[in-house]
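Chemist: dropping a prediction and its sequence here:
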Protein chains: 2
Amino acid sequence: MPFHAYAASSPGGAFQPFDFDPGPLGPNEVEIDVAYCGLCHSDLSMLRNEFGVTAYPFVPGHEAAGTVAAVGGAVSTHQVGQKVGLGWFSRSCMHCKPCMSGDHNLCTTVQSTIIGRHGAFANKVRCSAEWARPLPDSLDMATAGPLFCGGITVFNPIVQMGVLPTSRVGVIGIGGLGHMALQFLNKWGCEVIAFTSSASKQEEALRLGAHRTVNSRSEQELAGIAESLDFILSTVAADVDWGSYLGALAPRGRLHFVGVPPSPVTFPVTSILFKQRAISSTPLGSPQTTSTMLEFCARHGIAPVVEEFAMSDVNEAFAHLEAGKARYRIVLKN
Amino acid sequence: MPFHAYAASSPGGAFQPFDFDPGPLGPNEVEIDVAYCGLCHSDLSMLRNEFGVTAYPFVPGHEAAGTVAAVGGAVSTHQVGQKVGLGWFSRSCMHCKPCMSGDHNLCTTVQSTIIGRHGAFANKVRCSAEWARPLPDSLDMATAGPLFCGGITVFNPIVQMGVLPTSRVGVIGIGGLGHMALQFLNKWGCEVIAFTSSASKQEEALRLGAHRTVNSRSEQELAGIAESLDFILSTVAADVDWGSYLGALAPRGRLHFVGVPPSPVTFPVTSILFKQRAISSTPLGSPQTTSTMLEFCARHGIAPVVEEFAMSDVNEAFAHLEAGKARYRIVLKN
């Protein structure tokens, strides 16, 4: 049986129905009936071939929630009918040093769900079993998808970088990633500050878990929080004045990037030396950390705020994202 | 009784004998009879007013080893005659959050031994008691001085950044700081790689504790260690190709600065994102970490390699340093 997907045949092109034969299921693979799939900004970057690795026809989709349709002969961890999610990564070697250390997202040959393979804007998608993470019963498949890329991207650094419930944390960018970061950090016990220059987003940030907001375009407001934050999470893909944010870090504070600014980041060493500051970055998270996040979401009732489109309206969904109108994450429904 | 010091009366000027009245000893102060004092590159920077904070007449010297000559009325931690050392910092408030957290080197009002006060190129020097660290009996005063600035500067990040005996560590710059870093890291149990472009320093690096050397000017040698180092400690005050060093970091690796390059450091976020790398920096170390270092030196027989000058030959000592001839640390003897 062919898979029924939506594919673009050229950079930036429109999506059209696209059937393909996935071949035999690999022994370590899981096949997922896609119920919902989130639309992530990196789907748009891949559509435009901004990373230079897109193959056409291109099937996006790497925030899938669905049920296991079939498992390969060597898979003992999953059963048909089980609710699972799949994110940006879909295969790790399971044997390299990072894999053997639990860092499957840092695997030396890690593969993406939408690079060199077809993604989840389809009725079905496949991955290696380790990346199909079981969904806790209480999580709603209609909103769970975005946790598997946007969600884990902002949850993982909280774990990896040792953010504590006693930490004072700032979040730059209140969008698809940032709106989940605010929820995670609030439930983590932190004091949460949202950086935003939009008045409407200031109110929403407070609703989502920020304790206060700082206008990131106000030098005065930035100066008012100088040397006070233990952790700043930047979710924006924009060039901003990183020096101001470094200056907002307390002694031992850290500026952590999950968004990729278009230009290199530049800083004088003295801006981090005297206060023992650090700069770091992480890619998504491991399968185990993803499951830890899912449990945390289930326990605290955390979910992305989504707008739903029919899978067949994929072109409208991309246009909505491209126009900057997504509040906060778009999900396509099969 | 006046203190007998050596002072320069103008930026870059020669040193001449300089007597001054230190005034009454503060209740929390310790007065030290200086036996030896190391000459650090920052003494030269201060002489030239490169930081813009030098007051003249300027008395340098912030790597002192000596004996306690007197203690203030409120000092219960030190006794006259006790062997102590004093480094870059000489006073912390003892009450701010960093001080109360054991990070007296990050104190919001921390004072330097040679900024706004007279340093240890003198027969006596004073400091707040917390910064006069007792010397273990087995440490030689003739070589202990440089531990209090150069030594703690490279020892502290090993502690703060969680370098493990199982870590593979690179050291950039085999000079006053780097030659101590090699000794510390070797005894810490690490695999130690010295980066140097000087053939003569390669041999010395191996003697000092490096297990192997990498020619930092060879693209081929740098490429040969790609993604392999857990920690890189940069001790150089020079602009080098930081991208090559970031590329040499293993997953979860860290590039740590204790030398301050003249230009800002620039990096694309992608160069740290995919492998979960970090960039950080630290200033010297706390009084307690300094004592931990002294115990480590005593247990492992670690000492700076020094060249001795008479205190009265201070001008010759500065000329030797300025000519780049110091191997590896200059100490002045009273």
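Modeler: Received, thanks. Numbers count the residues shown, from 1 in each chain, chains lettered A, B, ... in the order given.
Chemist: tell me the pLDDT at the residue nearest the centre of chain A?
Modeler: Central residue of chain A (C-alpha atoms, centre = their mean): residue A:150, 1.8 Å from the mean position. According to the predicted model, the pLDDT of residue A:150 comes to 97.
Chemist: remind me which residues of the stretch 51-200 of chain A are low pLDDT?
Modeler: Judged by pLDDT under 70, the stretch 51-200 of chain A has no weakly predicted residues.
Chemist: enumerate the residues of it near chain B.
Modeler: For the stretch 51-200 of chain A, the residues found near chain B under the criterion C-beta under 8 Å from any C-beta of the partner chain are A:97-98, A:103, A:106, A:160. Heads up, the C-betas are built off the backbone N, CA and C, glycines and all.
Chemist: give me the number of residues near residue A:212?
Modeler: Residue A:212 is flanked by 12 other residues according to other C-beta atoms under 10 Å in any protein chain shown.
Chemist: next one, pLDDT for the residue nearest to residue A:138 when sequence neighbours are not counted please.
Modeler: If you skip the residues right next to it in sequence, residue A:138 has residue A:298 as its closest partner in space, 4.8 Å away by C-beta to C-beta, 6 or more residues apart in numbering or on different chains. Among the per-residue scores, residue A:298 shows a pLDDT of 98.
Chemist: can you name the residue of the stretch 101-250 of chain A nearest to chain B?
Modeler: residue A:106 (4.3 Å; C-beta to the nearest C-beta).
Chemist: what's the spacing between that residue and residue A:290?
Modeler: Distance, residue A:106 to residue A:290, using C-beta to C-beta, to the nearest Å: 14 Å.
Chemist: now the element after the lengthiest strand in chain A, going C-ward?
Modeler: With DSSP state E applied, the strand covering the greatest number of residues in chain A is identified as strand A:29-39. For strand A:29-39, the succeeding helix or strand toward the C-terminus, using DSSP states H and E, is helix A:41-47.
Chemist: who's in contact with that following helix?
Modeler: A:8, A:11-13, A:51, A:53-54, A:58, A:60-62, A:88, A:114-115, A:119, A:149, A:176, A:237, A:318, A:321-322 (C-beta atoms under 8 Å, 6 or more residues apart in numbering or on different chains).
Chemist: how about the secondary structure of the residue nearest to residue A:195 when sequence neighbours are not counted?
Modeler: Once its chain neighbours are removed from consideration, residue A:195 has its nearest residue in residue A:216; the separation is 4.2 Å (C-beta to C-beta, 6+ apart). Each residue gets one of three states, and residue A:216 gets coil by DSSP: H, G, I helix; E, B strand; the rest coil.
Chemist: surely residue A:216 and residue A:222 touch.
Modeler: Yes - in this structure residue A:216 lies within contact range of residue A:222 using C-beta atoms under 8 Å: 7.1 Å.
Chemist: secondary structure class for residue A:302?
Modeler: Using three-state DSSP as the criterion, the local structure at residue A:302 reads coil.
Chemist: now for it, how many residues are close by?
Modeler: One way to gauge burial is a neighbour count; for residue A:302, by other C-beta under 10 Å, it gives 21.
Chemist: show me the contacts for it.
Modeler: Applying C-beta under 8 Å, 6+ apart, we find residue A:302 in contact with A:180, A:183-184, A:187, A:296.
Chemist: go again using 7 Å as the cut-off
Modeler: With contact set as C-beta atoms under 7 Å, 6 or more residues apart in numbering or on different chains, residue A:302 has these partners: A:183-184, A:187, A:296.
Chemist: one step back: and the residues of the stretch 51-200 of chain A next to chain B as TSV, adding secondary structure, neighbour count and distance to residue B:229?
Modeler: TSV is the format used below for these (DSSP: H, G, I helix; E, B strand; the rest coil; neighbours: other C-beta atoms under 10 Å in any protein chain shown; distance: C-beta to C-beta, whole Å):
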residue	secondary structure	neighbour count	distance to residue B:229
A:97	helix	12	13
A:98	helix	21	15
A:103	coil	22	16
A:106	helix	23	15
A:160	helix	18	19
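Chemist: circling back to that earlier point, and which of the contacts of residue A:302 is nearest to residue A:331?
Modeler: Comparing the contacts of residue A:302 against residue A:331 with C-beta to C-beta picks out residue A:183 as the nearest, at 16.6 Å.
Chemist: which is the next helix or strand following the helix or strand where that closest one lies?
Modeler: With the criterion set as DSSP H and E, the secondary-structure element containing residue A:183 is helix A:178-188. Using DSSP H and E, the helix or strand that follows helix A:178-188 towards the C-terminus is strand A:191-195.
Chemist: give the pairing partners of that following strand; include direction for each.
Modeler: Strand A:191-195 has these partner strands in its sheet, going by DSSP bridges: strand A:168-172 (parallel), strand A:212-214 (parallel).
Chemist: continuing past that strand, what's the next helix or strand?
Modeler: Later in the chain than strand A:191-195, the nearest helix or strand by DSSP H and E is helix A:199-208.
Chemist: of the strands paired with strand A:191-195, which is nearest residue B:286?
Modeler: So among the strands paired with strand A:191-195, strand A:168-172 is nearest, using C-beta to C-beta, at 22.0 Å.
Chemist: centre of the chain to the closest one, how far?
Modeler: 17 Å (C-alpha atoms, centre = their mean, to the nearest Å).
Chemist: any residues touching that strand, and which ones?
Modeler: Counting by C-beta under 7 Å, 6+ apart, the neighbours of strand A:168-172 from elsewhere in the structure are A:163, A:178, A:181-182, A:185, A:190-195, A:216, A:228-236, A:245, A:248.
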